[in-house]
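[1] This is a predicted model, with the sequence first.
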Amino acid sequence: MTTSRTIRHTIAAVRTLEGGGFVVHRPFPTRMLMDFDPFLLLDEMGPIDYAPGEAKGAPDHPHRGFETVTYMLEGSFAHKDSAGHRGVLRPGDVQWMTAGAGVVHSEMPDPAFARAGGRVHGLQLWVNLPRRDKMIEPRYQEMPSERIPTASTSDGKVRVKVIAGEALGVKAAIETRTPILYQHFTLQPGASIVQPVPSAYRVFAYPLSGTGRYGDEQREIGAQRMVIFGDDGDAVTLSAGDEPLEVLLIGGVPLNEPVVRHGPFVMNTEDEIRQAIVDYQAGRMGEIAH
Ligand code: FE2
């Protein structure tokens with residue numbers, strides 16, 4: 001018998017400017033919530049409509065000690081990195097970048113998109129790496145939309161895109177370093193889903209659009225508010241109201257390790273942060289050939 005988790009609390013996303021000045025809605029880190037072990041940050045990029053030539057991005061910057069997961073919904077981003085890696089993310093695509101010991105990369109609007117203008121909407125999630133993995137070789141998992149497994153309920157009222165973990169009998173194609181679930185659910189009006197979440201996972205929902213009802217108590221909550229569930233069950237219940245609901249369900253097993261963060265570096269000790277700064281300044285994370 002499954003027990004549906006209750007809501008512990010909710011946190012409104014804070015609108016802020018990131019990188020070269022692009023608009024994000026950020027549920028964490030904020031004054032209200034510094035991290036959500038094993039996650040360090042969630043940014044909803046936009047949604048924002050850019051005029052021709054106006055689209056913004058994040059020019060060359062380093063990362064060490066964690067993973068960045070970029071999921072495009074609308075618009076496109078071109079990325080480049082210090083290992084000579086290049087790619088374009090289009091709507092529905094996911095890039096799971098394990099920064100490990102360090103990369104320098106840029107995330108900029110695709111030039112054709114920047115010229116034409118248009119809507120940018122996407123997500124970036126930072127997944128912390130356990131101490132044992134912080135200095136591993138960088139790795140990319142590039143998943144075009146068509147390679148990301150999806151599933152539906154038999155009545156077709158609930159669809160899910162399985163970026164990490166498992167839902168509706170379908171397993172993700174992406175490999176994670178620690179147990180992670182990352183699922184994008186689309187519910188038709190009135191539809192409901194009970195998603196199993198193993199008890200060791202901490203889990204939250206982040207609604208992108210539509211007012212839904214959440215948790216065992218089925219509390220009504222609108223978009224752009226992080227819904228944090230308690231540890232009091234082995235499933236999460238999500239329901240749509242009178243309009244379709246687009247919602248992310250994200251969870252993982254906490255690392256329970258010290259977190260020392262300094263901008264784009266997230267390590268376990270102050271010494272490791274100092275080393276990261278030294279290594280970056282000495283060019284040991286490489287640079288992007290332009
Ligand atoms: Fe980045």
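    Nice, I can see it. What you see is a predicted model; the values in this text were computed from it and never measured. Residues are numbered from 1 along each chain as shown.

[2] What is the least confident helix or strand in this structure?
    For the chain, scoring each helix and strand by mean pLDDT, DSSP states H and E identifies strand 14-18 as the least confident one, at a mean of 87.

[3] Would you mind identifying the next helix or strand past it?
    Stepping forward along the backbone from strand 14-18, the first helix or strand reached (DSSP states H and E) is strand 22-28.

[4] tell me what that following strand is packed against?
    Secondary-structure packing of strand 22-28 (3 or more Cβ pairs under 8 Å, 6 or more residues apart in numbering; DSSP states H and E): strand 7-12, strand 14-18, strand 39-50, strand 225-229. Glycine gets a C-beta too; all of them are placed from N, C-alpha and C.

[5] looking at those strands, which is closest to residue 184?
    With Cβ to Cβ as the criterion, residue 184 lies closest to strand 39-50 of the helices and strands packed on strand 22-28, at 12.5 Å.

[6] From the rest of the structure, what touches that closest one?
    13, 18, 22-29, 35, 56, 66, 73-75, 109, 114, 117-128, 206, 208, 224, 226, 250, 252, 259, 261, 266 (Cβ atoms under 8 Å, 6 or more residues apart in numbering).

[7] Can you flag the buried ones in these?
    13, 18, 22-29, 35, 56, 66, 73-75, 109, 114, 117-118, 120-128, 206, 208, 224, 226, 250, 252, 259, 261, 266 (16 or more other Cβ atoms under 10 Å).

[8] What residues sit buried inside stretch 139-147?
    Result for stretch 139-147 [16+ other Cβ under 10 Å]: buried residues 142, 143.

[9] right, I mislabeled it, should have said stretch 226-235
    Neighbour counts over stretch 226-235 (16+ other Cβ under 10 Å) mark 226, 227, 228, 229, 233, 234, 235 as buried.

[10] Now the two most distant members of these.
    In terms of Cβ to Cβ, these reach their longest pairwise distance at 226 and 234, which sit 21.0 Å apart.

[11] where does residue 146 land in three-state SS?
    Using DSSP: H, G, I helix; E, B strand; the rest coil, the three-state assignment for residue 146 comes out as helix.

[12] and the gap between the residue positioned nearest the centre of the chain and residue 269?
    The residue lying closest to the centre of the chain (Cα atoms, centre = their mean) is residue 125, at 2.6 Å. Taking Cβ to Cβ, to the nearest Å as the measure, residue 125 and residue 269 are separated by 24 Å.

[13] what do you get for residue 148?
    Distance check for residue 148 against residue 269: by Cβ to Cβ, it reads 36 Å.

[14] one step back: can the buried residues of stretch 226-235 go into CSV with extra columns for distance to residue 244 and pLDDT?
    What follows is the buried residues of stretch 226-235, written out as CSV (distance: Cβ to Cβ, whole Å; pLDDT from 0 to 100):
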residue, distance to residue 244, pLDDT
226, 20, 97
227, 17, 98
228, 23, 98
229, 22, 98
233, 26, 96
234, 27, 97
235, 22, 98
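
[15] With respect to residue 218, which of the residues you listed is nearest?
    Scanning the buried residues of stretch 226-235 for proximity to residue 218, where the rule is Cβ to Cβ, the winner is residue 227, at 11.7 Å.

[16] From what I see, that closest one and residue 213 are in contact.
    No: assessed by Cβ atoms under 8 Å, residue 227 is found out of contact with residue 213, at 10.4 Å.

[17] Quickly list what's touching both of the two.
    Residues touching both residue 227 and residue 213 by Cβ under 8 Å, 6+ apart: residue 221.

[18] Okay, buried residues for the lengthiest helix in the chain please.
    Criterion DSSP state H: the longest helix present in the chain is helix 270-281. Buried positions in helix 270-281, judged by neighbour count with 16+ other Cβ under 10 Å: 272, 273, 275, 276, 279, 280.

[19] CSV please, covering these and showing pLDDT and distance to residue 289.
    Conversion of these to CSV gives the following (pLDDT from 0 to 100; distance: Cβ to Cβ, whole Å):
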residue, pLDDT, distance to residue 289
272, 98, 28
273, 98, 27
275, 98, 25
276, 97, 22
279, 96, 19
280, 96, 17
